[in-house]
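Colleague: heads up, no residue letters with this:
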């Protein structure tokens, strides 16, 4: 059923029928009643995309772009966004980029075309000048047209409101806590270096060790996934030389994979080697042993980022930054080193 058919049934022009159904322009009450009655009679459903294009202010859609919603870190934040959005009768459109910078740009462009009320970028920015320029080219005209943008994590070049987990400080605090247990030999399982979260957590851990006069031993790179952590741990165990007494995986998801690899190799945690992660996703409390980590309030971070996006724009030139502290939580996966 088409809009033209509704217009013919109601005895009005297609333009009047469109205005009556999408509510963008004042239409006489009698005409609106006739058009809606005709639409009901014919079973016509207005095109939501067309309505969005006609009225950005009335759009009830928020776009949420994350790296991978199957990762519990992003799922936790998305849960907070959706809970807060539901309280305001907003629809959240969720997309995963799988850490592909070009896909992230493409999704932002799609949301611009649909005139989403707000765009949320959840996850690390990329240390990539080409990505930064392309993202600016998409977001700047969107914001000038009245769109709202907010992000979680560090995006160096984007001048938008930000919920910033203190990744560097949290990793440094974790390093100090592990040194206090007696560890002196460390290794780090890390993700792609172009991600700002990886760079910040690795730098913070180095700083925490340096403060105690300790250098970081091996750094093994892997994918930001359970499988990446598993393979990185296997490569660590296969390397020549003495093994570290403590391993830090820059995300809990990688740490879960590393724990499985250590168990397969007959390495006991924490008796032979301690293991720690970062984020405090719910799963890690149920592991055997439960994982030591830096806890972030993931659901709250989601609630805070959508609140930033839906607030009136700041009168100040600078973007607003909400800083989120991590809390070191030592559990059964870490203990004093063997023989101490």
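Modeller: Arrived safely. The shown structure was predicted, so the numbers you read here are calculated from the model rather than taken from an experiment.
Colleague: confidence score at the residue nearest the centre of the chain?
Modeller: Centroid-nearest residue in the chain, with C-alpha atoms, centre = their mean: residue 122, separated by 2.6 Å. pLDDT recorded at residue 122 is 91.
Colleague: what sits opposite it in the beta ladder?
Modeller: Beta-bridge pairing of residue 122 under DSSP bridges involves residue 66, residue 152.
Colleague: any weak-confidence spans in the stretch 1-150 of the chain?
Modeller: 1, 23-25, 45-58, 127 (pLDDT under 70).
Colleague: Strands along that one, start to end?
Modeller: 61-66, 91-96, 118-122, 148-152 (DSSP state E, counting those that start in this stretch).
Colleague: Of all those, which one comes closest to residue 162?
Modeller: Evaluated with C-beta to C-beta, these place strand 148-152 nearest to residue 162, the distance being 5.2 Å. Every residue, glycine included, has its C-beta placed from N, CA and C.
Colleague: Could you give me the buried positions within that closest one?
Modeller: By neighbour count on 16 or more other C-beta atoms under 10 Å, the buried set for strand 148-152 is 148-152.
Colleague: and that strand with strand 61-66, angle?
Modeller: Taking axes from the mean of the first three to the mean of the last three C-alpha atoms, to 10 degrees, strand 148-152 and strand 61-66 form an angle of 30 degrees between their directions.
Colleague: Which other helices and strands does strand 148-152 contact?
Modeller: strand 118-122, helix 129-144, strand 161-165, helix 298-310 (3 or more C-beta pairs under 8 Å, 6 or more residues apart in numbering; DSSP states H and E).
Colleague: Need the residues that contact it.
Modeller: Contacts to strand 148-152, defined as C-beta atoms under 8 Å, 6 or more residues apart in numbering, come from residues 77, 117-123, 125, 139, 142-143, 158, 160-165, 301-302, 305-306, 308-310, 313.
Colleague: what's the spacing between it and its chain's center?
Modeller: Taking C-alpha atoms, centre = their mean, to the nearest Å, the mean C-alpha location of strand 148-152 is offset from the chain mean by 11 Å.
Colleague: just the helices and strands packed on strand 148-152: most buried one?
Modeller: Highest mean neighbour count of the helices and strands packed on strand 148-152: strand 118-122, a mean of 26 (counted as mean count of other C-beta atoms under 10 Å).
Colleague: okay, now residue 113: neighbour count?
Modeller: 12 (other C-beta atoms under 10 Å).
Colleague: Look up how far residue 141 lies from it.
Modeller: 12 Å (C-beta to C-beta, to the nearest Å).
Colleague: same question, residue 14
Modeller: The value you get for residue 14 to residue 141, if C-beta to C-beta is used, is 30 Å.
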